[in-house]
Structure formats: structure tokens, C-alpha cells
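A.B. asks: after the sequence you'll find the predicted model.
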Amino acid sequence: KGQGKSTREARMNADLNSNQTIDVSKLSVLLYSDESAKSDLYEYLDVYYRNARNQLSTYIALTEGSPEPYIELGNELQDEAGSYYKDFIKSLSFVSIYPETDLQLICSLLFDEGMDVTVPYLSINKEAKSPELKGIALFNGRKYTGTFLTPDQSKLLTVLKDKMGRSANFTYTYKETPITMVIRKINKKWDFSEFDKSGIVTLSYELKADIEEFSKDHIAQDEGRKELEKFLSKQLNEDSKKLFEVLQEAKSDPIGIGRRVRAFHPEMWQKGDWNDTFSEIVIKPKMKVDIKRTGILK
């Protein structure tokens, strides 16, 4: 442990409590408390960009409360806490909850006025005595907004950003029967034709999906398939609207609408701070599901 007025001083003081020194070239994960991130995350990261020995493939995550108990738990669950949390965060990209985002990419996003950064937000499951994903923390510029997305909302955000991993699964209840679909391909089209006049942007997505679990039969037939496609499209539309309500209330633009506005709509961009403008525009998501496969069973 070490304390100091800066990250570097705290690290140097930590070296005084050990017969070894910290080697940042082997750094795999940085954990910061949620309260610390509410000030300016870059203040804590600056030291890692000023030395060629530092590893820019390092992952970053926020913790609910102090990171100390998370490190202790990580050491108990695996030989090294760093390896445990690296695998933990990396696994989120496979299921499309959080696209792989390392220290190098986060730096560019922290200075990008048209897109906000997001990082995994961890908590401790007291019953299981293990870390768990609480959600994805939303940032406004360099500061954590205090708002986070649930894992399901985070997965939907990844789809909207077209940054899926191996797959993106969504489960709903259709006529009292659970149904799970897997999105395989995304075709998106953003329409800004009404943006300059009325501040409306329409985000259209055509999602190619497979049905992975559904106990009812006859969905391979045209009538049954179309009914399911209509139901799933409606559910994703409702979820997308709720997601954008959360993003706009937090004044956080992790999807990067601001990048398009900055490039093609300078008058709206210069209206004021983009995060404030983002919270006031009208975002209309349009999700259309196209079922391609229903499995072996009819």
C-alpha cells in the first residue's frame, strides 16, 4: 500500500513497504473506486502514458467502494488478482457486454468530444463472496456520471455501436414461453436528414438473428416466423428507447452520435457543449429483427 498526492508518489511510497519494486510494464488491470472516477479519471491515468515501459493494453474497471477488497478476493480466486480481472473483463467482450477497451483506446476517448468512454463497473456478491459485474459505468467527458447500465442494457449498447463479440443473446417471454435469440449480423443506417431543422436523428438497425431456445413449435413456418420477428422487433425497440433515456439523462454519448454531428452538422455542434445538446435531441431507434435460422426442430 502507498499514499501520495499523485499516482506516481503513491506508487513510490508503496515501494518503501516491500523488498521489491512495482514493475508497471507487467500491469494488466487498473481498478479505481467509483468515487475517485467522479472527479477526473485522466488525472489518475496520466502517469501511465508518459513512460514507454508502461503497457497500454492494460484494462480499466471501476469498483463499488474501495478496490482493496476486490484485489484480496482476486488473489484468493486466482494466483494473481491482475490475471483474474484481466480474464474477467476480457470475457465480457465475448458475450458482447463490453467491447475490448484498453488503456490506449480509453485515452483517445477521454479526449474525444464527440464520444464518451464506458468502463466495467464491479461490485462484490456477498453471498458468493466473489466479484460480479454490476454494469457498465457511463462517463461525461473525463468524469463518471454516477449512472451505470445493467448488463442487458450494456449488451444492447454494444449492438447499437456495432461492436459485438462472438454473439449477443437476448431473452424475452413470448406468450408465457421464454425465447432466446442470438444476433449474428448487424446492418445499420443513421438518418440525420431532419437533424438541422428539428434535432431528430433516426437510428435504424436490421438484425439478422437465430432462435437458440424456444419450446414451442412451427416457428419455421412463415406465419409463425413473422409473428416472432414482429414481437422481437417491438421488444428491442422498447428497450432501445429506455436505453437512450438513461444515456440522455446522464448526458453521456457512448454511441458516438456526436462524431457524426461534429463532421456534418457544424451549426448544431457549435450550439454549446455536446453533452448538453445530446441530452436535448430526439433519438428515434428503429429495430427490425430478421430470423434466419430456427434450429433443427420445427
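C.D. replies: Here it is on my side, so go on.

A.B. asks: what ranges do the helices span in the stretch 51-200 of the chain?
C.D. replies: 68-77, 81-94, 103-110, 151-160, 195-198 (DSSP state H, counting those that start in this stretch).

A.B. asks: and the ones you listed, which is most packed in?
C.D. replies: Most buried of these, by mean neighbour count (mean count of other Cβ atoms under 10 Å): helix 151-160, with a mean of 22. (Each C-beta comes from the backbone N, C-alpha and C, glycine too.)

A.B. asks: contacts for it, please.
C.D. replies: The contact list for helix 151-160, computed with Cβ atoms under 8 Å, 6 or more residues apart in numbering, reads 95-99, 118, 133, 135-136, 149, 164-165, 168-170, 183, 186, 188, 203, 205, 207, 236, 239-240, 242-243, 246, 254-255, 285.

A.B. asks: quick check: which of the helices of the stretch 51-200 of the chain is nearest to L45?
C.D. replies: helix 103-110 (6.9 Å; Cβ to Cβ).

A.B. asks: average model confidence for that closest one?
C.D. replies: The pLDDT scores in helix 103-110 average 93.

A.B. asks: check stretch 236-255 too.
C.D. replies: In the prediction, stretch 236-255 has an average pLDDT of 97.

A.B. asks: buried residues in it?
C.D. replies: 236-237, 239-240, 243-244, 246-248, 250-255 (16 or more other Cβ atoms under 10 Å).

A.B. asks: spatially, which two of those are the most separated?
C.D. replies: L236 and K251 (24.1 Å).

A.B. asks: export the worst-scoring helix or strand of the chain on mean pLDDT to PDB, keeping only CA atoms.
C.D. replies: When each helix and strand of the chain is scored by mean pLDDT, DSSP states H and E, helix 7-15 comes last, with a mean of 86. Presented in PDB, the C-alpha positions along helix 7-15 are these (Å, rounded to 0.1, in the frame of the first residue of the first chain):
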ATOM      1  CA  THR A   7      -0.400   8.300  -8.600                       C
ATOM      2  CA  ARG A   8       3.400   8.300  -9.000                       C
ATOM      3  CA  GLU A   9       4.100   9.400  -5.500                       C
ATOM      4  CA  ALA A  10       1.700   6.800  -4.100                       C
ATOM      5  CA  ARG A  11       3.500   4.100  -6.200                       C
ATOM      6  CA  MET A  12       6.900   5.200  -5.000                       C
ATOM      7  CA  ASN A  13       5.800   5.200  -1.400                       C
ATOM      8  CA  ALA A  14       4.300   1.700  -1.900                       C
ATOM      9  CA  ASP A  15       7.800   0.500  -2.900                       C
END
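
A.B. asks: got a list of contacts for that helix?
C.D. replies: With Cβ under 8 Å, 6+ apart as the test, helix 7-15 has contacts from K1, G2, Q3, G4, T21, I22, V24, Y44, D46, V47.

A.B. asks: mind putting the residues you listed into TSV with pLDDT?
C.D. replies: What follows is those, written out as TSV (pLDDT from 0 to 100):
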residue	pLDDT
K1	84
G2	86
Q3	89
G4	88
T21	80
I22	79
V24	80
Y44	92
D46	91
V47	89
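
A.B. asks: correct me if wrong: L30 contacts S57.
C.D. replies: No. L30 is beyond contact range of S57, at 11.7 Å (criterion: Cβ atoms under 8 Å).

A.B. asks: who's more crowded, those two?
C.D. replies: Just comparing L30 and S57: by other Cβ atoms under 10 Å the higher neighbour count belongs to L30, 21 against 12.
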